[in-house]
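Participant: need a structure here:
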Amino acid sequence: MIHYLYRDQLERHPELGASMYRDRAFQFKDRLDWDVSVDENGFELDEYDHLNPLYIIWKDAAGRHGGSLRVMPTVGRTMTAEHFLDLTDGVRITSPFIWECTRFCLAPGASSSVAGALLAAGLELGLRFGLEQAVGVIYTRVLGLYRRFGHVPEVIGTKGEGNERISVCIWDVTEEARNEICRRSGVPEAMIQSWFDASFPSRFRQSAAVA
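Facilitator: Numbering: from 1, shown residues only. Predicted coordinates:
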């Protein structure tokens, strides 16, 4: 299932948080050989994790991390603005209606349905928070994943060669996109909605239907 958790809430879910940071270390440091820092606990953490971002996390049956992404408002500090302005022609993407998505990570052996659930959960968050778009930096070769789920972003700027080619992308936040991802991944829309309601029970509880 999906949990929406701010970093300061992870202390109530220690195994989930620890396994997420260790899976990030494996994906970004060991497998992709990024220039990232891994601490003495084997956690991959960067400066943006210390800003209390919101994580969207798939928890598996054993209570461990199965996949995740990190989301932050673009009105504050973002990776796109501070490290990839060359890909946006120097234009800082900032709006209360646009959030940044980073650190998309799947645990070793995670199924494609986990990836689909995370993407759909991200759109559910956007719809509930009144967002219009999401921005992020991806390997250009990963665009095929978004085509598979029927939600192809607009590419703003690209640099690099071959498998190292990266792009800044913008995704529209729409109900139609969420529904299509749910359909293709086999994760029901009602389930995505219930996971959000469980994480934000007081502020975003849906009104009960009147018989």
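Participant: which of the helices or strands spans the most centrally placed residue in the chain?
Facilitator: By Cα atoms, centre = their mean, the mean C-alpha position of the chain lies nearest to residue 69, the distance being 2.9 Å. Using DSSP states H and E, residue 69 sits in strand 65-73.
Participant: only the buried residues of that strand, if you could.
Facilitator: 65-73 (16 or more other Cβ atoms under 10 Å). (Each C-beta comes from the backbone N, C-alpha and C, glycine too.)
Participant: equivalent analysis for stretch 147-166, please.
Facilitator: Those would be 149-151, 153, 156-157, 166, for stretch 147-166 by 16+ other Cβ under 10 Å.
Participant: give me the nearest residue to residue 146, chain neighbours excluded.
Facilitator: Distance criterion Cβ to Cβ, 6 or more residues apart in numbering; nearest residue to residue 146, sequence neighbours excluded, is residue 152 at 5.1 Å.
Participant: quick one, strands of the protein?
Facilitator: Using DSSP state E, the strands of the chain run over 2-6, 54-59, 65-73, 98-106, 133-139, 154-159, 166-172.
Participant: residue 91: which of those is closest?
Facilitator: Among the strands of the chain, the nearest to residue 91 by Cβ to Cβ is strand 154-159 (8.8 Å).
Participant: partner strands of that closest one and their direction?
Facilitator: Using DSSP bridges, strand 154-159 pairs in its sheet with strand 166-172 (antiparallel).
Participant: pLDDT (mean, whole number) over the partner strand?
Facilitator: Strand 166-172 carries an average pLDDT of 97.
Participant: how far away from the center of its chain is it?
Facilitator: Here strand 166-172 shows a centroid-to-chain-centroid distance of 13 Å under the convention Cα atoms, centre = their mean, to the nearest Å.
Participant: give the buried residues for that strand.
Facilitator: 166-171.
Participant: next one: stretch 181-188
Facilitator: 181-182, 184-185, 187.
Participant: out of the residues you listed, list just those in helices.
Facilitator: Mapping the buried residues of stretch 181-188 onto helices (DSSP state H) picks out 181-182, 184-185.
Participant: quick one, what contacts the residue nearest to the centre of the chain?
Facilitator: The contact partners of residue 69, by Cβ atoms under 8 Å, 6 or more residues apart in numbering, come to 55-56, 101-105, 118, 122.
Participant: again, only this time at 7 Å
Facilitator: 56, 101, 103-104, 118, 122 (Cβ atoms under 7 Å, 6 or more residues apart in numbering).
Participant: and the furthest pair within the residues you listed?
Facilitator: The distance between the two most remote of the contacts of residue 69 (Cβ to Cβ) is 12.3 Å, for 103 and 122.
Participant: on that earlier part again, just flag the most distant two among the buried residues of stretch 181-188.
Facilitator: Checked with Cβ to Cβ, those reach their widest spread between 184 and 187, with 9.3 Å between them.
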